[in-house]
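Trainee: Structure for this input, please:
(one chain, ligands or ions: 2)
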Amino acid sequence: MRRVARPSFANHLPVAYLQIIVAGGAGYIGSHLVRELTKAGGHELVVLDNLSTGHTAAIPRGVAFEQGDIRDAAFLEKVFTKHKPDAVFHFSASIEVAASCADPLAYYENNVCGTVTLLQTMQKHKTKYFIFSSTAALFGMAERMPIEAEDRTNPINPYGETKLVIEKLLHWCDQAYGLKYVCLRYFNACGADAAGDIGEDHTPESHLIPLVLQVPAGKREKVFVFGEDYETEDGSCVRDYVHVTDLSAAHVKALDYLAKNNTSNRFNLGSGKGYSVKEIIESARRVTGHPIPAEIKPRRAGDPAKLIASSEKAEKILGWTRQYETIDSIVATAWNFHQRNPKGF
Ligand SMILES: NC(=O)c1ccc[n+]([C@@H]2O[C@H](COP(=O)([O-])OP(=O)(O)OC[C@H]3O[C@@H](n4cnc5c(N)ncnc54)[C@H](O)[C@@H]3O)[C@@H](O)[C@H]2O)c1
Ligand SMILES: O=c1ccn([C@@H]2O[C@H](COP(=O)(O)OP(=O)(O)O[C@H]3O[C@H](CO)[C@H](O)[C@H](O)[C@H]3O)[C@@H](O)[C@H]2O)c(=O)[nH]1
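Mentor: Ligands and ions are numbered 1, 2, ... in the order given. I've put the predicted structure just below:
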């Protein structure tokens, strides 16, 4: 069979030839992308992760793994020299809004300094494409709902601001070095792969859906509702919950987009529907058949009242569609993971 020559960086790369680094690929969302890319085949994948919150068991057998930190320039240099990536998916970050309010320096160090080191290594090695895990937290107290990709950004917590700093830096990296990037602003990632063998497993857990499911799983007696005095219908915070497998599909499309168009862009990714904390607890009650007691607590630091996405731009430009539309179908996949893996990974 004739071997097709690998094209130079001067040309757009056919998607099938890419060497890909998934930084943070042992984590919740990154491991789901690795699963999707592995299923699709055709790429050489390397997971890079310091395992601060990720799990080796979440990395499929046969996928290369480099354990280390994105803040460690010497480690990155070794990995990039060895694997010569064409594209980097960058999930590796600290992710909790309340923790970022308590320790902003740690968040800037990991999310900003770490990403700068990663981008410096990419620039040195002429790595062409960068897909960045950004967030709805960029928007803060948004002026309108649903939030369009081009709406004004105004983060109200350090976590969101670290992501905005990087989005702005990426613009300048494109201008200065020709780096092509896509920023994907996920709203609230949730659910688990349909097979139920990978899912969300953080210790300690801070995210709403896995915490709610710890009650029927027998790991906690009740769930707390942080704030009942927001300007929302039932007083609790409203978020847009989007399934992690749907998010993975958007990443595959983003890579395709970069390889075909060689143009940077940014997209919001959500379901377009908002659910309050109380509605999420109701959904978990329906899915699990457990009464799930709830107790009202004061507001949590850094929480905006409402975040709902318009994903119209991603639908139009990337051709992104979602498989999971109802909140119960999403919660059911998370519950499936927790039932199959009662001790996590
Ligand atoms: N979970 C959500 O709802 C959500 C929403 C919007 C954006 N995001 C973003 O998506 C990305 C992934 O989130 P997640 O929920 O999968 O989190 P996660 O904590 O499960 O995954 C992050 C992974 O990155 C690794 N990591 C962290 N710092 C690192 C470092 N310095 N060097 C190397 N590896 C490091 C961790 O070990 C982990 O495997 C993050 O960038 C987060 O900000 C998440
Ligand atoms: O025990 C809990 C846990 C959470 N909440 C509330 O549930 C909502 C969702 O909270 P999560 O911690 O699940 O998620 P966040 O909205 O704070 O943040 C998540 O989604 C963001 C995007 O919207 C980010 O990117 C971030 O990384 C990711 O953690 C918030 O109003 C929070 O106050 C509770 O009431 N009780």
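
Trainee: Tell me how many other residues surround the closest residue to residue 146 other than its chain neighbours.
Mentor: Of all residues not flanking residue 146 in the chain, residue 310 sits nearest, at 3.8 Å (C-beta to C-beta, 6 or more residues apart in numbering). Quick note: C-beta positions are derived from backbone N, CA and C, even for glycine. Counted by other C-beta atoms under 10 Å, the residues lying close to residue 310 total 19.

Trainee: For residue 310, give me the pLDDT.
Mentor: Here, the pLDDT recorded for residue 310 equals 98.

Trainee: The closest residue to ligand 1 within the stretch 201-345 of the chain: what's it in contact with?
Mentor: Ranked by C-beta to the nearest ligand atom, the top residue of the stretch 201-345 of the chain for proximity to ligand 1 is residue 202, at 6.1 Å. If you count contacts by C-beta atoms under 8 Å, 6 or more residues apart in numbering, residue 202 has them with 28, 53, 210.

Trainee: What of residue 177?
Mentor: Residue 177 neighbours (C-beta under 8 Å, 6+ apart): residue 123.

Trainee: any idea how far residue 89 is from it?
Mentor: Distance, residue 177 to residue 89, using C-beta to C-beta, to the nearest Å: 19 Å.

Trainee: which SSE is residue 162 in?
Mentor: helix 158-177 (DSSP states H and E).

Trainee: which of the residues in that helix are buried?
Mentor: Buried residues in helix 158-177, counting neighbours by 16 or more other C-beta atoms under 10 Å, are found at 158-167, 169-170, 173.

Trainee: that's a strand at residue 133, yeah?
Mentor: Yes - counting by DSSP: H, G, I helix; E, B strand; the rest coil, residue 133 is found in a strand.

Trainee: and the gap between the closest residue to it other than its chain neighbours and ligand 1?
Mentor: Among residues not flanking residue 133 along the chain, residue 91 sits closest, at 4.8 Å (C-beta to C-beta, 6+ apart). Look at residue 91 and ligand 1: by C-beta to the nearest ligand atom, to the nearest Å, they are 4 Å apart.
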